[in-house]
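Participant: attaching a predicted model along with its sequence, questions to come.
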Amino acid sequence: MFFRDSVRRMAQQRGVKGWVANRPDAAVEAVFEGEPEAVERLVDFCREGPRGARVDSVDVTDEEPENLTGFDVR
């Protein structure tokens, strides 16, 4: 949960809404909604991850906002 919790904390600090979850294939999936600069900083963080994390790649897809509230770890 360390990667996901690190993303959650960073999102909350930057006012970004959304969620982050482990997928069955061991990948992590996240949805971010917020100010473009804050979202970009979160995506940049995900490219590196917290200390000790192994990040092979990050795919980014733009979607229509869902007006999410809060940030959840699923």
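Facilitator: Right, received. Where do you want to start? Just so you know, these numbers come straight off a predicted model, no measurement behind them.
Participant: mind telling me what element the residue nearest the centre of the chain is part of?
Facilitator: Compute the mean C-alpha point of the chain, and by CA atoms, centre = their mean the closest residue is A30, 4.5 Å away. Remark: A30 resides in strand 28-33, with elements defined by DSSP states H and E.
Participant: that strand - contacts with which helices or strands?
Facilitator: With contacts defined as 3 or more CB pairs under 8 Å, 6 or more residues apart in numbering; DSSP states H and E, the packing partners of strand 28-33 are helix 2-14, strand 17-22, helix 36-48. To be clear about C-beta, it is placed using only N, CA and C from the backbone, and glycine gets the same treatment.
Participant: hmm, 6 Å instead?
Facilitator: Using 3 or more CB pairs under 6 Å, 6 or more residues apart in numbering; DSSP states H and E as the contact criterion, the secondary-structure elements in contact with strand 28-33 are strand 17-22.
Participant: just grab the bridge partners of the residue nearest to the centre of the chain for me.
Facilitator: Here A30 sits in beta bridges with V20, as judged by DSSP bridges.
Participant: now the protein, which segments are flagged as low pLDDT?
Facilitator: Along the chain, the model assigns pLDDT under 70 to residues 1.
Participant: picking up where we left off before, angle of the strand holding A30 against helix 2-14?
Facilitator: Strand 28-33 and helix 2-14 are oriented at 10 degrees to each other (axes from the mean of the first three to the mean of the last three CA atoms, to 10 degrees).
Participant: starting at the chain centroid, how far to strand 28-33?
Facilitator: Taking CA atoms, centre = their mean, to the nearest Å, one finds strand 28-33 lying 4 Å from the centre of the chain it belongs to.
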